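# Got a sequence here, can you build the structure:
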Amino acid sequence: MSTIKRFSISLDNALLEKFKRKIMTKGYANRSQAMADLIRKSLVNIEWDASQGEVIGTVTLVYNHHRKDIVNQLVSLQHQFHQGILATTHIHMDKENCLEVLVVKGKAKKIREVYNQLGRLKGIKFSDLSTATTGRHLT
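Okay, the predicted model is just below:
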């Protein structure tokens, strides 16, 4: 069982007010919960940067599926990394635009490499890599 430790931080008043407004809109009960989430996110990013083992996350892509050969290029790249893609969700947002989310697992360096290759394809309007954790190193 973990114990709770109290600590204090000093912030510029304007920054603190922005933080308070943001955590209220997110529905946090208090600043401590919000700070704990920020710390966890930071630790996950550090875990990714330092990891020699497996990490997990998502790659989000938005693209126009009418763009010449984009679908074939996406499928080809995904097949090249098939062992690291756990699941793919494809959503038709409108007559032209698609959202694709890939759940990825593997070495951080390889996931970033695949993310960069996907994001560089002509026709990709937006790409994002969201780091997550396997939970092994967080309490």
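# ok, and Gly119, which helix or strand is that part of?
In this structure, Gly119 sits in helix 108-120 according to DSSP states H and E.
# tell me the helices in the protein, going along the chain?
Along the chain, the segments classed as helices by DSSP state H run 13-26, 31-50, 70-80, 108-120.
# Could you measure from the residue lying closest to Thr88 once chain neighbours are set aside over to Gln78?
On the basis of Cβ to Cβ, 6 or more residues apart in numbering, the spatially nearest residue to Thr88 that is not a chain neighbour turns out to be Leu102, at 5.1 Å. Every C-beta, even on glycine, is put in place using the N, C-alpha and C of the backbone. Computed with Cβ to Cβ, to the nearest Å, the distance linking Leu102 and Gln78 is 7 Å.
# which of the helices of the chain is buried the deepest?
Stretch with highest mean neighbour count among these: helix 108-120 (a mean of 16; mean count of other Cβ atoms under 10 Å).
# hang on, the earlier thing: now mean pLDDT and distance to Lys95 too, for the helices of the chain, in JSON lines please.
Putting those into JSON lines (pLDDT from 0 to 100; distance: least, Cβ to Cβ, whole Å) gives the following:
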{"stretch": "helix 13-26", "mean pLDDT": "89", "distance to Lys95": "33"}
{"stretch": "helix 31-50", "mean pLDDT": "83", "distance to Lys95": "36"}
{"stretch": "helix 70-80", "mean pLDDT": "93", "distance to Lys95": "15"}
{"stretch": "helix 108-120", "mean pLDDT": "91", "distance to Lys95": "23"}
